Structures are given as C-alpha cells and as structure tokens.
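Chemist: What shape does this take:
(chains A and B)
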Amino acid sequence: MAESKYVKSKIFFEEEFEEKLAEVPTDPKGPWPANDNLKIIGKPVSRIDGYDKVSGTAVYTFDINLPRMAQARILRSAVPHAKIKKIDTGKAESLPGVLGILSSNNAQEIKWFNTSSLFDTHLRYQGDEIACVVAESEAIALKALKLIKIEFDELPFTVDAKEAMGEKAPKIYDEGNIQGGKPFEYARGDVDKAFQEADAIVEDTFDTQVAIHNPTEVHCSVVNWDGDDLTVWDSTQAIYGVRDTVADALKMPASKVRIIKKYMGGGFGSKLECGKYTVMAALLARKIGRPVRIVVDRKEMNLAVGNRPNSVQKLKLAASKDGTLTAISHYSYGAIGGYEGGAGCSWPARQMYKCDNVKVEEYSVFTNTGPTRPFRAPGYPQGIFALDSAIDMLAEKIRMNPLEFRMKNNAEKHPMWNAPFTSKLLKEAYEQGAKAIGWDKRNNQPGADKGPVKKGMGMASQIWWGGGGPPSHAVLKLNRDGSARVIAGTQDLGTGTYTFMAQIVHEVLDIPMDKIEVILGDTAVGPYCPSSGGSTTAPSVSPAVRDAAENMKIKLLEAAAAQLESEKKNLVYVNGLISDTSNPEKKIDIPGLMGKMGEQTITTTGSREANPEGYITQTFGAQFAKVEVDTLTGKIKVNKIVAAHDIGRVLNRKTLDNQFHGGIMQGLSYALMEEQIVDINTGKVVNTNLHDYKIPIIADIPEIEVIIVSEADPMNSNTGVKGCGEPAIIPTAAAIANAVYNAIGVRIKSLPMTPDKVLMALNQA
Amino acid sequence: MKINLTVNHKNYSLQINSDLLLVDLLRDHIGLTGTKKGCEIGECGACTVIMNGKTVNSCLVLAVQADGAEITTIEGVANNGDLHPVQQAFLEHDAVHCGFCTPGMVLSAINLLNHNPNPTEFEIREAIAGNLCRCTGYQQIVEAIQSAADKSK
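Modeler: Prediction:
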C-alpha cells in the first residue's frame, strides 16, 4: 500500500475557506506532460454515460420506484410571516389513502438552521414548511394538504433588504435583521487618502436581482428502511454532506445511513446541502414501514430551495492619470431570506485587480423571502457586474482603453495576501480573447452607430477559486480479465465526472475505455470525496484517481516481476504490455498477468496530494461580448461571446466546451431575463413557474467561442486541473453590460437589463 | 375507465381514472420513466413524446385523449441497443449534459426529421424551442440535429 500522512488542508469552498485534516500521499506523482503528449486526456471524448442518457435508460432519483413505495408532499406557508397557533390534520388524516402526517403537532424536535427546527411554528417566508403528508399516491397527498387547517397569526413582514435594515422594520429575529448584528468589513491601505489624491473618481450604485437555480430535475429523495439501516436516493451534489445531516437529524450512526445518487438533473448549487424534505421522508418512512418518495415541485423550487440573493452595490473607484487603479470602496447589502445565508459580493472588489487601497462593507439582511444557497459562483456574477462596469467607467474617464486599463492593473501576486499564484494566465486570456472578438474594431465612441439598432462590444474579467485539494480519495479494482472499476465518493451533475475518471485510468494503464466502469455517488462504496461545488470536483478528484492508477501500475510491475521471474527494475509498462528490457522474450499483457491470479481482484487506493504551501490557486479569464441594441424597443441581442480562460489542464474538450457554453448561457440569461419578483404588498413571489420565470430557449443563443489559454497548473496537483464550472458564468453579465454601454452610450446599472430599463435609461440620457 | 393505446409498438389496455395525465400513465402505469417531468405546465418539454406523428407535452394531455393513439417514447427509439442516428449524434456532439431534458429533445428532433429531413438551422431551432435545457448552451444540440440530418441524406 502507498504511504500516506495527514496535513491540515485549507480549501476555498464556495464562499469561505474550509480547513480539514486530510490524508495525503507521501509520494505525490509528478506532473503529466502537455496534453499533446497524452493519449486521451484533453481529447474530445464522448461521455461514457451518454448512452444511458440518450436512450432514456438513465434512472434519476425522480424515477426510482420501489415496491410498496408511498408518496410524500409538503404543506408550505402561503404567507410571508406568521406564527402558527393550531394545526388541525383531522380531515386530512381521514382521507382514504393518507398514510401519515407530520407537523409540529407530532414530530420530534429536530434542530434546523441555527435557531429553527424541522417544523418551526414561526413561519418566516412564503414556502416555509408546515407539515408533510405521506399517501398512497402523489394526488392523494396533494389533496390531503388542502384539508389541513392552519390557524395562525399573520405577522408584519418585510421583503426588501433596505427596508429590513431600517429601525421601523418588523424584526424577524429579536437580535435584528442584520445577520451577525454588523456588516462584514475588510480594508487594506488608506482609501480616504487615495480618493483625495486621485486624478479621476467614479461613483455609482448598481443592483442585481434574485435568481433561481431551477435545475430541470426538481429536488427529490426516495428513502427506504431495512431494519435500522437507512438508504436514501437523493438528487444531491453532496452525498457525504447529506449522509451526515440525515444521521445527525435522526441521531443515527453515520455508518447506518447510505446515500446514493447516480444520475441527477442538474443542481448549480441548490442541491449542495441536505433538504428538510429528505429528513421528513425518512421519518415518515419509518413511521409507516414503507419506502417513501418525496418530490419538491417546480413552484416549491422557486420558493424554498435557495436562490442567488439580490444585491445593491455602491462602488467608488479611483485612478491616477497613468491608469493605475488606486482605490476601491465597496458597500453592499442583499436579502438572505428568513434563515442564515450569505449575500456578500465583494470578493471581486477585494481580489480581482491590483489595488493598494480597498474598503469593503457588506450586509446580509434577514427578510421574509426564500433562503439563499450557493448558486454557481456565489457573489461573483453580481460582484463582477458592478466592479467591471465601474472599471469601464473609470477607464473612459481617464481616456484609456478598458482592455489596456485591466492589463495595467493585473495583479502579479494575490492582492490580499501578497502570495504568489501557482499559475496565472490572465494577461494571455485578455490578449487571446481580444484578438478573437476583434477588439481593435470596437467603436471608440459609444452610441455612435447610425440608425435605431446600435452595435457594441464589451469585456469583463473573471476570478474564482477552483484549485480543489485534499481530502479526496479513489479506489481502483482490477479484475481477472483486465477490466477495471474505479470508485470515488464524488458526484456527476452532468459535468462529466464519470468520463474523466475513466479517461485517467485509461491514460495511465492503457485499459480500453469500454472495459472501465466508474462507480460514484454512493457513500456505502465510494471513499470520501468532497461535495461537488466550488468548481472543485475535477481538481480534487482527478489527482486521486491518477494516484490510484499509478499505484496500480506499481503493483502490476511487482506482480509481473514475480510472474516473469524478472528484476523489477528491468520491467517497463508500455501500452498495456509489461516487458523485460534485459530479455525480449519475457513479456506479459494485463489480462495475461491477471489471468495468473485466479478470480481475485487487486485493489489500490489513491489520494489527492496536498496543495503547495504559501501559494494561491485560482482560475482567471476574460469574456468579450458583441451585442446589438434596438433603441426603439429596448431589446438587447447578444451576437457573440468569446470566453478566454485559465483553468489549468483540460481533461475532456467535449465536456469542457459543454460546461462553458452552459455557464455562459446562464450568465446571459442572468444579464437579460432571469428575475424572481416578489410583490412588496403581499410578500409573495409572483413568478413561481417556468413560464413566468424566464430562462433561455434555443432561440436566445449567441455564437460562443471558448479559448483555453492554459496548458496545466503542475504546481497544484498531479493532473494540473483547475475547475471550470463557475468561471464560465462569472464575467458574462458584466461583459454584456459593457457592450450595451458601448452600443448606446448609456449605462444600464441594474440586472436584468430588460427592455423597459433600456428604454428608461435612453429617455433619461 | 378503460383505454387502449399503442406505446412503442406494443398494445396496452388499461383501466384508469379520467383525470390521469398521459405523462403519469407512461411513467407510473407502464413504467417508462425515460419520459421526464420538469414543470407540469407544458413549459419545459421534458415530457415530450410523439403521439400520432406529432410531438406533445404529455403533461398537457389527458390519458383518455390518448385512447386509440400511437405513441413513441424515448424507450422506443433505439433498436435492440442500436441508437437512432439522432441519439448517436447527441452522443457524439455532446448535446447532453445532465440528460434530464435529453429524452424530450431527442424526440422533438426525431419528429422534426421525420417530417422535414433537410431542416435549416432556423427550422431546427424552431422545432426544439419548446424544450428547455438548463445545463448546455443549446449549440451542441443544434449541431447534433444538423449532423443527424446530414448523415441520413
């Protein structure tokens, strides 16, 4: 077995640094050569799970149907703020087909969030859970929900963050509506002095909307008790996270809870944590002694399983005449709903550019609206929209090309910690992206186009984490016939995890792709891997798989030495054949070698190595947009997006392009159409379905060009991979906003940039 | 009430409630879960099936309306494990991400090509405008359909 040791591993995950004690190998494998010199890594390889998906045989959690399975649904608050006085489930219970009902009347107290419980009688938003019904069918469960009578006192509510911060606002918590009682603050240098000495200053307010993840497969779980063992099929990005939450909630040993997720219909962050529904289903299944399926429908998806919070951002930037960015002041607030969350969006202001004087003050505010959850690069699309809009304004003020201005203020070291990067190719991204879009043809006078339809070009920068790190483990098993099974406790959200794991095994051991099986998404069989968020899956898991495969190669060489009666040092492993350099007669292939072992399988493990100390790993990039704006209708049409990014090594060009196209489309839709609207008079969400909550259809797509400027980040891991899921969405809205300004000469400072806002801005100009 | 229908060339005679939706008949009564449910209001197209030569959102069709109908679901498209050219093209062009919208997309594409073997890019976009995808950028889907059309020439 390979040697290992423990280190304190610090990883940036979504919004925070997380430190975990992690087992890492003591013999980290060296970096791979460039992709041109590899067999299958980086190539456009078709998904190994593609057949299942195109043939309709892929079984999602939503599709699981167990014998005697009952169906559960949740009753949710119809009002934004209330205190329950009484719940009468009598009529519902007597409806034929109803098997059980859980509510605060009869459920055990299970802690949820910091200060709440599974069934809290204090309802803090429209959508908060009141009761859960299990019945013979979904239709009966839904009928029963309507028969539950709730007596409650409606409480004054607040759904607007600014109002909620005020003295007169109804208090959702006794301590007040500002989470933590104070803002998050950050400062470096002397911002006041920098503003006094500045040659140019811009100051403005930007706002962004609430956006909903809306993956196509709704949140759902199927639970089954076998004695005191609990199996949960869950549409989740975090099998181990769900396991621990369920075990804690039910006060069970983690070893008795098994979470399975094979195929899932997207997540984008909303499925990063265990939902209350899973625990409710487990309680009801135990109560009725039958498997239970619970589904959160599309309306509930739009109310209760998380959002990208809104933001209001006041930015003030300063520069000197030579184009040096000298100060950034960022003040922001956003609504986090009725329970703890985060509405921060200042990370870009703190670290995107080299800037000696930075001040940040941000407020996460409790409101009577739905909860926040990480949504593809939480805080970044909103933060970059405001920051890079202001950067363009500042560049214009000092008469500098915005591309040149960004180049000039590129940070060679991390601006907060003065630490070096394992790799940073942002300048290359700027250069290659600009060339591909034809930046030199950009019109230098915003709004100069003749006629009502005006064209423009804009750009924005991207920064994110995405280096991953330990702990992350994989197991590799080799069978009698030379076929292999690689297992890891990770997840594939559609992102391509299945395929890259197989590619890595093939790359190292030359086992044909169709003889490699990948098992993931099962806590009972997969060694620990972190949840799939933060663009960390590929950079954390791929090195562990390679480690396991390299360890297998070492083991096979040892076995071959015994079989061939050769000295190990004379053996070489080339294209799946082991041969003795001292005696060409002595050679054996993998099936041949394995055939000598009878029916046994041989197993190796692999682990993600430690990140290098003192270095920061981040992803970088720039996107460029070409738009046209119809000044008569206010409609913005995006014609082209060029995305140039540094994301380390490409594992699979097909799934990489797919990931980027999808992220850019979500960015475009965030820029132009998506918005959850809450009626401030009733505190209720107006658009809870996919008709009224707009997401793009195929007619909305622009031409997209994806350029990867990086070969690999060998300092970071043995595969040199950085994540790409979140980088893709970060700069899109800002690039489009800057292109719109370039087209019409009027700046839209509010997302989404809908035609009414464009016309209003044109009228006021 | 009782209805008779043909699904993927197989005849079914079923006793159902009058309020049953076609999507639930397919998923829960016949066990064909390749047909997905995404929104239940005919917006997302995940439940698309071909009924009497036309694509329908099976969440907007009552099962009784399918009495006597001939229906193709995603399970009826591949032949004994051999993928339909459209499925093969989706695989090759990576027009698949999470895959939840894929069955509906594939059926919309197949029905387009059944009626119009040489579609323009605009016609392709029109044919799948009713199928929402939240993961891909759609471009690969257009390319896949185009290539399936080109190959069948």
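Chemist: C-alpha from now on. contacts and neighbour counts both.
Modeler: Noted.
Chemist: tally of neighbours for residue 149?
Modeler: Went with chain A since none was named. Around A:Lys149 there are 14 other residues, counting by other CA atoms under 10 Å in any protein chain shown.
Chemist: That was the other one, I meant chain B.
Modeler: So B:Ala149, with other CA under 10 Å, has 23 neighbours.
Chemist: how about the residues of the stretch 451-600 of chain A that lie near chain B?
Modeler: Within the stretch 451-600 of chain A, the positions lying close to chain B (CA under 8 Å from any CA of the partner chain) are A:493-496.
Chemist: now those residues in a markdown table, with secondary structure, pLDDT and neighbour count?
Modeler: Formatted as a markdown table, those follow (DSSP: H, G, I helix; E, B strand; the rest coil; pLDDT from 0 to 100; neighbours: other CA atoms under 10 Å in any protein chain shown):
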| residue | secondary structure | pLDDT | neighbour count |
| --- | --- | --- | --- |
| A:Leu493 | coil | 97 | 25 |
| A:Gly494 | coil | 95 | 26 |
| A:Thr495 | coil | 96 | 25 |
| A:Gly496 | coil | 97 | 25 |
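Chemist: Which one of the residues you listed is nearest to A:Ala622?
Modeler: A:Thr495 (21.6 Å; CA to CA).
Chemist: Go ahead and confirm the closest one touches B:His97.
Modeler: Yes - here A:Thr495 reaches B:His97: they are 6.5 Å apart, a contact under CA atoms under 8 Å.
Chemist: List the residues that contact the residue lying closest to A:Leu632 once chain neighbours are set aside.
Modeler: Once flanking residues are discounted, A:Leu632 sits nearest to A:Pro452: 6.3 Å by CA to CA, 6 or more residues apart in numbering or on different chains. Contacts for A:Pro452 (CA atoms under 8 Å, 6 or more residues apart in numbering or on different chains) come out as A:630-632.
Chemist: List only buried entries from those residues.
Modeler: Among these, those scoring as buried are A:630-631 (criterion: 16 or more other CA atoms under 10 Å in any protein chain shown).
Chemist: quick one: which of the contacts of A:Pro452 sit in strands?
Modeler: A:Asp630 (DSSP state E).
Chemist: Make JSON lines out of the contacts of A:Pro452 and add pLDDT and distance to A:Ala211.
Modeler: Output for those, formatted as JSON lines (pLDDT from 0 to 100; distance: CA to CA, whole Å):
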{"residue": "A:Asp630", "pLDDT": "98", "distance to A:Ala211": "25"}
{"residue": "A:Thr631", "pLDDT": "98", "distance to A:Ala211": "26"}
{"residue": "A:Leu632", "pLDDT": "97", "distance to A:Ala211": "28"}
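Chemist: Around chain B, which positions in the stretch 151-300 of chain A sit nearby?
Modeler: Looking at chain B, the residues of the stretch 151-300 of chain A close enough under CA under 8 Å from any CA are A:214-218, A:263-266, A:297-298.
Chemist: ok, the closest residue to A:Thr367 other than its chain neighbours - how many residues close by?
Modeler: Nearest non-adjacent residue to A:Thr367, counting by CA to CA, 6+ apart: A:Gly337, 4.5 Å away. By other CA under 10 Å, 30 other residues sit near A:Gly337.
Chemist: any idea how far A:Leu123 is from A:Gly337?
Modeler: 12 Å (CA to CA, to the nearest Å).
Chemist: now swap in B:Asn116 and tell me
Modeler: Counting by CA to CA - B:Asn116 and A:Leu123 are separated by 54 Å.
Chemist: The two - which one has more neighbours?
Modeler: A:Leu123 (26 against 13).
Chemist: Pretty sure that one sits against A:Ala78.
Modeler: No - using CA under 8 Å, A:Leu123 makes no contact with A:Ala78, being 9.6 Å away.
Chemist: Please give me every residue in contact with the closest residue to A:Asp190 other than its chain neighbours.
Modeler: Once flanking residues are discounted, A:Asp190 sits nearest to A:Asn357: 5.4 Å by CA to CA, 6+ apart. Going by CA under 8 Å, 6+ apart, A:Asn357 touches A:187-191, A:194, A:326-328.
Chemist: Check A:Ala281 too.
Modeler: For A:Ala281, the contacting residues are A:72, A:221-223, A:292-294, by CA under 8 Å, 6+ apart.
Chemist: if I look at the residue nearest the centre of chain B, how far off is B:Gly99?
Modeler: Nearest to the mean C-alpha position of chain B, by CA atoms, centre = their mean, lies B:Leu107 at 3.2 Å. In this view, B:Leu107 and B:Gly99 are 13 Å apart by CA to CA.
Chemist: before we move on, what about A:His506?
Modeler: 24 Å.
Chemist: who's more crowded, the two?
Modeler: Between A:His506 and B:Gly99, B:Gly99 has the larger neighbour count (other CA under 10 Å), namely 30 against 24.
Chemist: before we move on, the earlier item: looking at the contacts of A:Asn357, which are in strands?
Modeler: Short answer: the contacts of A:Asn357 in strands (DSSP E) are A:187-188, A:326-328.
Chemist: so can I have a markdown table of those showing pLDDT, neighbour count and distance to A:Val758?
Modeler: A markdown table is the format used below for the ones in strands among the contacts of A:Asn357 (pLDDT from 0 to 100; neighbours: other CA atoms under 10 Å in any protein chain shown; distance: CA to CA, whole Å):
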| residue | pLDDT | neighbour count | distance to A:Val758 |
| --- | --- | --- | --- |
| A:Ala187 | 98 | 16 | 35 |
| A:Arg188 | 98 | 16 | 36 |
| A:Thr326 | 98 | 26 | 31 |
| A:Ala327 | 98 | 27 | 30 |
| A:Ile328 | 98 | 31 | 27 |
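Chemist: and of those residues, the nearest to chain B?
Modeler: The shortest approach to chain B among the ones in strands among the contacts of A:Asn357 belongs to A:Ile328, at 34.4 Å (CA to the nearest CA).
Chemist: show me what contacts that closest one?
Modeler: Contacts of A:Ile328 (CA under 8 Å, 6+ apart): A:191, A:315-318, A:349, A:355, A:357-359.
Chemist: Buried only: go through those residues for me.
Modeler: Burial by neighbour count, 16+ other CA under 10 Å: within the contacts of A:Ile328 this picks out A:191, A:315-318, A:349, A:355, A:357-359.
Chemist: wait, which of those is closest to A:Thr619?
Modeler: For these, the nearest to A:Thr619 is A:Ala349 (15.8 Å; CA to CA).
Chemist: The closest residue to the closest one other than its chain neighbours is in what secondary structure piece?
Modeler: Nearest non-adjacent residue to A:Ala349, counting by CA to CA, 6+ apart: A:Leu387, 6.4 Å away. Counting by DSSP states H and E, the element that carries A:Leu387 is helix A:380-397.
Chemist: in that helix, what counts as buried?
Modeler: Those would be A:380-395, for helix A:380-397 by 16+ other CA under 10 Å.
Chemist: again, but for stretch A:216-235
Modeler: Buried residues in stretch A:216-235 (16+ other CA under 10 Å): A:216-225, A:230-235.
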